[in-house]
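>>> curious how this folds, go ahead:
(2 chains)
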Amino acid sequence: MRPHHWLALLPLAALLGAPFVANRVETTVLGLPFLLAWCVGAVLLTSATMALIHHLDRRDGGDA
Amino acid sequence: MTAALVPIAAAFALAIGLGLYARRGRTMKLEEWSVGGRRFGTLFVFLLMAGEIYTTFTLLGGSGWAYGKGAPAFYIICYGTVSYVMSYWLLPPIWRYATEQKLLSQADFWARQYGSKGLGLLVAVVGVVALVPYLVLQLKGLGLIVSEASYGRVDASTAIWLGTAALVTYVSASGIHGSALTALAKDVLILVVVVALGLWLPWTLFGGVGPMFARIAAERPEFLVLPARGMSASWFASTVLLSALGLYLWPQNFASIFTAKGPGALRRNASLMPLYQLVLLFVFFTGFAALLVVPGLEGADVDLALLRLVRAELPPWVVGVVGAAGVLTALVPGSMILMAAGTTLANTGYRALRPEADDATIARVAKWGVPAVAAVALWFTLRGGTTIVALLLMGYAFVTQLFPSLLLALLGGRWRVPALAAGAGIVAGVATVAVQTLSGVTLAQLAPGLPGAVLDLNVGVVALLVNVAVTGAVAVVTRPSR
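Model prediction:
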């Protein structure tokens, strides 16, 4: 594990923690109830984080 | 009404046409047929994985869950995403080993890693037993979609026969190349259809997505949050985690890793697949719109929510296009399932029994496995009954039982356990799942004294713990003394 790989814990925490910290209707985001908006946000965060990790891996060299 | 039949017929024709076209200029050796000669780049790996993960179950089940249960449906968005995070580290070493060893099926991985044909056979059996109900579900979905979208002109069993014939034809001819090309058509069409429906319906019916949720919040507020007990927060988190562990362990998903030409294609997909996951958002919108417009569907009928809403609100040609997208959504994963089953039966099963068989014979057995498995699935589908849903849930829990031994094999070194330990763990886990599913026992019945958050945990957790405990115990007992 390279140090920046730990970044992946961020989206994992957002996805698995969703029902514990975001289980409510208010505040709506773009019309979405809060829980659904949180899940969508966590998915976008995942995509961005994984792209960043991949970018850093490639910059460091390696087989990616 | 006839306007609806045209797009549906076109979808069947397109699938068969693309399937046969994909064969052009190739000699179909088994490695070409099952894993595309290991030459697929990021795009086709993406299309295959998106093609087999987003099935009729996603389309009908996703909208059905939003319609029937509400917020618990959101777990579907989350579990795939968790799986894609793990895929960044899990898939490249699997790919590397599979490429070095020229593996063709999931079970080959266990057989080779643990040096045991017996373990390979066990994994093959678990995989094929899990696959059949998954294929049955695709065929059932296909029947449902075609009969609804054709306004009953084509009955479900005719559609199921047609679909099975189409599948066997193009899978036998082109193998994975046919699936990849059809997946391209399917992913584009389903994306357009689902996003258009998910925006258009709430907009015309309620003036937008925001006003739609505002109405649900006023009339059915319990649909937008998780309940305190039952499908509660701890149910959600444990189900997300368990399903995420299982996603790539479906034999067809595992084998699609082998099609990549390099680990980069797999790593790039770890950030692409989550974006495609957002298609589900629009599937949910449609389910929630149906909740307000066509209420009253219950039990298994909630899966009809999307189709009933579309029929009630949109002209026949649109209904036909939705039906066409649905047909492709059933055929693509169906073809991947058939291929994975055929390859597993031949390359792991037949080869273990007849080690002297040459490659041409194995390829022939794999291709004959396709109509055989299709016939079994067809029989289950037409026979009907609800037991198949129980089988599918069992299938999900079955493939998840392969996770501990996969992880141990990848970690290697001092984590290596003998094949006997891995096999005993899988058998114990699978047996626990079977007993739980068939007897319908819940944690609440087993240990009523535990706090609610523990009782709501997905029961699959128990099987996985049993699996790990048995693997560990057998590994310790059989360890050679030093």
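
>>> quick one: residue B:458 and residue B:235 touch, right?
Yes: with contacts counted by CB atoms under 8 Å, residue B:458 reaches residue B:235, the gap being 6.4 Å. C-beta coordinates here come from the backbone N, C-alpha and C atoms, glycine included.

>>> so residue B:103, which of the three states?
Following DSSP: H, G, I helix; E, B strand; the rest coil, we place residue B:103 in the coil state.

>>> so which residue of the stretch 101-250 of chain B comes closest to chain A?
residue B:210 (2.6 Å; CB to the nearest CB).

>>> quick check, pLDDT for the residue nearest to the spatial centre of chain B.
Nearest to the mean C-alpha position of chain B, by CA atoms, centre = their mean, lies residue B:53 at 5.0 Å. If you check residue B:53, the pLDDT there is 79.

>>> roughly how far apart are it and chain A?
Distance from residue B:53 to chain A, counting by CB to the nearest CB, to the nearest Å: 14 Å.

>>> let me see the contact set for that residue.
Neighbouring residues of residue B:53 by CB atoms under 8 Å, 6 or more residues apart in numbering or on different chains: B:80, B:247, B:253, B:273, B:333.

>>> quick one: which of these has the most company?
residue B:333 (30 neighbours; other CB atoms under 10 Å in any protein chain shown).

>>> unless I'm mixing things up, that residue is touching residue B:253, no?
No: using CB under 8 Å, residue B:333 is not in contact with residue B:253, being 9.7 Å away.

>>> overlap in contacts, the two.
B:52-53.

>>> got the contact list for residue B:261?
B:38-41 are the contacts of residue B:261 under CB under 8 Å, 6+ apart.

>>> nope, residue B:403 is what I was after
B:245-246, B:249, B:464.

>>> can you check residue B:279 too?
B:54, B:190-191, B:194-195.

>>> in a markdown table: these, plus neighbour count and distance to residue B:474.
Below are the contacts of residue B:279 laid out as a markdown table (neighbours: other CB atoms under 10 Å in any protein chain shown; distance: CB to CB, whole Å):
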| residue | neighbour count | distance to residue B:474 |
| --- | --- | --- |
| B:54 | 26 | 38 |
| B:190 | 24 | 45 |
| B:191 | 16 | 47 |
| B:194 | 26 | 47 |
| B:195 | 16 | 50 |
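
>>> check which residues of whichever strand or helix holds residue B:121 are buried.
If you go by DSSP states H and E, residue B:121 is part of helix B:117-149. Neighbour-count burial for helix B:117-149, counted by 16 or more other CB atoms under 10 Å in any protein chain shown, picks out B:117, B:119-128, B:130-149.

>>> would you mind identifying the next helix or strand past it?
helix B:156-174.

>>> relative to helix B:156-174, how tilted is the next helix or strand after that next one?
The helix or strand immediately downstream of helix B:156-174 is helix B:176-206, counting by DSSP H and E. Per axes from the mean of the first three to the mean of the last three CA atoms, to 10 degrees, the angle that helix B:176-206 makes with helix B:156-174 is 140 degrees.

>>> residues of chain A that sit close to chain B?
Residues of chain A lying near chain B by CB under 8 Å from any CB of the partner chain: A:5, A:8, A:11-12, A:15-20, A:23-25, A:28, A:30-33, A:35-36, A:39-40, A:42-44, A:46-51, A:53-54, A:57, A:63-64.

>>> what about the residues you listed, which are in helices?
A:11-12, A:15-20, A:35-36, A:39-40, A:42-44, A:46-51, A:53-54, A:57 (DSSP state H).

>>> return the list of helices and strands in contact with the helix or strand containing residue B:476.
Element membership for residue B:476, per DSSP H and E: helix B:460-477. Under the contact definition 3 or more CB pairs under 8 Å, 6 or more residues apart in numbering or on different chains; DSSP states H and E, helix B:460-477 sits against helix B:233-247, helix B:387-400, helix B:403-411, helix B:419-439.

>>> out of these, which gets nearest to residue B:358?
helix B:419-439 (26.5 Å; CB to CB).

>>> how about residues contacting the closest one?
Contacts of helix B:419-439 (CB under 8 Å, 6+ apart): B:110, B:114-116, B:118-119, B:122-123, B:126, B:390, B:393-394, B:397-398, B:401-402, B:404-405, B:408-409, B:441, B:459-460, B:462-464, B:466-472, B:474-475, B:478.

>>> now with 6 Å?
B:114, B:116, B:119, B:122, B:390, B:394, B:397-398, B:401, B:404-405, B:459, B:463, B:466-467, B:470-471, B:474-475 (CB atoms under 6 Å, 6 or more residues apart in numbering or on different chains).

>>> returning to what we had before: can you add mean pLDDT and distance to residue B:9 and give the helices and strands packed on helix B:460-477 back as a markdown table?
Below are these laid out as a markdown table (pLDDT from 0 to 100; distance: least, CB to CB, whole Å):
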| stretch | mean pLDDT | distance to residue B:9 |
| --- | --- | --- |
| helix B:233-247 | 90 | 33 |
| helix B:387-400 | 74 | 28 |
| helix B:403-411 | 94 | 42 |
| helix B:419-439 | 89 | 39 |
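
>>> need these in a markdown table (columns: distance to residue B:95).
Below are the helices and strands packed on helix B:460-477 laid out as a markdown table (distance: least, CB to CB, whole Å):
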| stretch | distance to residue B:95 |
| --- | --- |
| helix B:233-247 | 16 |
| helix B:387-400 | 19 |
| helix B:403-411 | 11 |
| helix B:419-439 | 21 |
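
>>> neighbours of residue B:448, how many?
Neighbours of residue B:448 (other CB under 10 Å): 9.

>>> one more: residue B:9?
17.

>>> buried set for the host helix or strand of it?
Assigned by DSSP H and E, residue B:9 belongs to helix B:2-21. Buried positions in helix B:2-21, judged by neighbour count with 16+ other CB under 10 Å: B:4-5, B:7-9, B:11-12, B:14-16, B:18-19.

>>> with stretch B:420-434 instead?
Per 16+ other CB under 10 Å, stretch B:420-434 contains these buried residues: B:420-426, B:428-430, B:432-433.

>>> which stretches of chain B have low pLDDT?
Low-confidence segments of chain B (pLDDT under 70): B:1, B:25-28, B:384-391, B:481-482.
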